[in-house]
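[1] take a look and give me a structure for this.
(one chain, ligands or ions: 1)
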Amino acid sequence: MNSIVRKFTSNPFQISMICLALGASFALAHSEIENPTVLKRVHAMEDMEEARLTLSEMAQGLRGFDALSAERARARLIQQSADLPKLFKSPQMDPKTTALQVIWGNWRDFKVKSNKMKKASKGLNVSSVASLRTGLPALENACQACHRAYRQAGQ
Ligand code: HEC
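    Residues are numbered from 1 along each chain as shown. The predicted structure follows:
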């Protein structure tokens with residue numbers, strides 16, 4: 001697998017196809033992102049959205065509660081939030097990015113917002129639907145607080 005990835009990493013479209021083959025979710029528009037650094041952080045966001053949606057659907061009764069999947073989603077959110085500063089450290093842009101350049105003028109605050117999301121993920125109690133419902137708003141607020149500051153409006 002590693003050799004396949006290395007062979008294709010120069011072509012963002014092929015990276016997307018590998019992501020698809022691996023079952024990672026991404027919108028079709030992402031194949032238009034040419035900067036691999038931007039593509040990587042967008043894929044991380046998509047993964048976080050998938051985990052958030054799993055938990056949200058359980059909390060709303062749209063999907064059966066399953067403690068193991070809930071714990072897996074929580075673990076993904078903790079890991080991804082811890083990785084955000086690393087994923088965004090380099091001030092990379094792309095015509096298709098929705099990230100705002102002000103991130104890199106407010107780097108300390110960006111890290112604070114990543115950390116808030118990490119704390120909210122850690123604070124999620126996934127042992128029951130009721131406790132999930134209690135903890136989810138803090139997580140969703142943490143996503144939104146960063147998007148309001150550092151992502152194009154209307155996204
Ligand atoms: C510390 C800041 C920060 C936090 C916290 C954050 N995001 Fe984001 N998110 C961004 C930025 C910046 C972008 C734009 C990335 C780009 O286009 O390069 C983005 C983009 C996205 C996208 C769009 C990806 C695409 O398809 O283009 C989704 C979905 C998303 N975030 C979901 C989430 C969810 C769910 C959470 C919380 C669980 C979250 N984000 C938390 C900063 C953040």
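
[2] check what pLDDT the residue nearest the centre of the chain gets.
    Nearest residue to the geometric centre of the chain (CA atoms, centre = their mean): residue 45, 2.3 Å. As predicted, residue 45 sits at a pLDDT of 97.

[3] can you list the buried residues in the longest helix along the chain?
    Criterion DSSP state H: the longest helix present in the chain is helix 36-59. Neighbour counts over helix 36-59 (16 or more other CB atoms under 10 Å) mark 37-39, 41-48, 51-52, 54-56, 58-59 as buried. The way it works is simple: take the backbone N, C-alpha and C, and place the C-beta from them, glycine included.

[4] near the ligand too, which of these?
    By CB under 6 Å from any ligand atom, the members of the buried residues of helix 36-59 lying near the ligand are 38, 41-42, 45-46, 48, 52.

[5] dump those residues into CSV; add distance to residue 136 as well.
    What follows is those, written out as CSV (distance: CB to CB, whole Å):
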residue, distance to residue 136
38, 28
41, 23
42, 23
45, 18
46, 19
48, 13
52, 8
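
[6] now stretch 100-118: buried residues?
    Neighbour-count burial for stretch 100-118 [16+ other CB under 10 Å]: 100, 103-104, 110, 113-114, 116-118.

[7] name the helices or strands packed onto the longest helix of the chain?
    Contact here means 3 or more CB pairs under 8 Å, 6 or more residues apart in numbering; DSSP states H and E; on that basis helix 36-59 packs against helix 12-21, helix 67-88, helix 129-150.

[8] the last one - contacts with which helices or strands?
    Here helix 129-150 is seen to pack against helix 36-59, helix 107-122 when contacts are counted using 3+ CB pairs under 8 Å, 6+ apart.
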